[in-house]
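S.K.: no letters, just coordinates:
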């Protein structure tokens, strides 16, 4: 499960999830500064091909953090650049569509 966070500037990938996807921490060389509750955690850039729902695969950039407690966060860079999201607050629901569709 992931958090869809309109206030998050970046996508965040928990350490264990990155390992499960085959990423190797030492091979990621781009350092990313996180903020908020994760500000003290080291993070490195990781680009993954992702399939969301039944849509075509897209490349998503993540700040892969060594924190084992960090949730999977989908934020502005670049989840909201790839998908249009319509929130229905009263219904506690949202719709998701590929960008421009």
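M.R.: All right, it came through fine. A quick note: this is a predicted structure, and the numbers were derived from the prediction, not measured.

S.K.: wait, residue 38 sits on residue 66?
M.R.: No: the pair residue 38 and residue 66 fails to qualify as a contact (C-beta atoms under 8 Å) at a distance of 10.1 Å. Placement of C-beta: from N, CA and C, glycine included.

S.K.: same drill for the two, tell me which one is more crowded.
M.R.: A direct count of neighbours by other C-beta atoms under 10 Å for residue 38 and residue 66 places residue 38 higher, at 20 against 13.

S.K.: so how far is residue 94 from the more buried one?
M.R.: 24 Å (C-beta to C-beta, to the nearest Å).

S.K.: contacting residues for the nearest residue to residue 7 once chain neighbours are set aside?
M.R.: Leaving out its chain neighbours, the residue that sits closest to residue 7 by C-beta to C-beta, 6 or more residues apart in numbering is residue 75, at 7.6 Å. Contact analysis of residue 75 by C-beta atoms under 8 Å, 6 or more residues apart in numbering lists 5, 6, 7, 8, 9, 10, 11, 12.

S.K.: now do residue 97
M.R.: 83, 84, 85, 86.

S.K.: which strand or helix spans it?
M.R.: strand 93-98 (DSSP states H and E).

S.K.: check the offset of the lowest-mean-pLDDT helix or strand in the chain from the chain's centre.
M.R.: Every helix and strand in the chain was compared by mean pLDDT, DSSP states H and E; the lowest is strand 3-4, with a mean of 92. Computed by C-alpha atoms, centre = their mean, to the nearest Å, the chain-centroid distance of strand 3-4 equals 8 Å.

S.K.: report all helices and strands that it contacts.
M.R.: Under the contact criterion of 3 or more C-beta pairs under 8 Å, 6 or more residues apart in numbering; DSSP states H and E, strand 3-4 touches strand 73-74.

S.K.: what's the spacing between the strand it packs on and its chain's center?
M.R.: 4 Å.

S.K.: and the contacts of it?
M.R.: 2, 3, 4, 5, 8, 10, 11, 12, 60, 80.

S.K.: now the residues you listed as a markdown table including distance to residue 26 and neighbour count?
M.R.: Shown next, in a markdown table, are these (distance: C-beta to C-beta, whole Å; neighbours: other C-beta atoms under 10 Å):
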| residue | distance to residue 26 | neighbour count |
| --- | --- | --- |
| 2 | 25 | 15 |
| 3 | 27 | 11 |
| 4 | 30 | 15 |
| 5 | 28 | 17 |
| 8 | 26 | 21 |
| 10 | 21 | 23 |
| 11 | 21 | 24 |
| 12 | 20 | 26 |
| 60 | 22 | 20 |
| 80 | 30 | 17 |
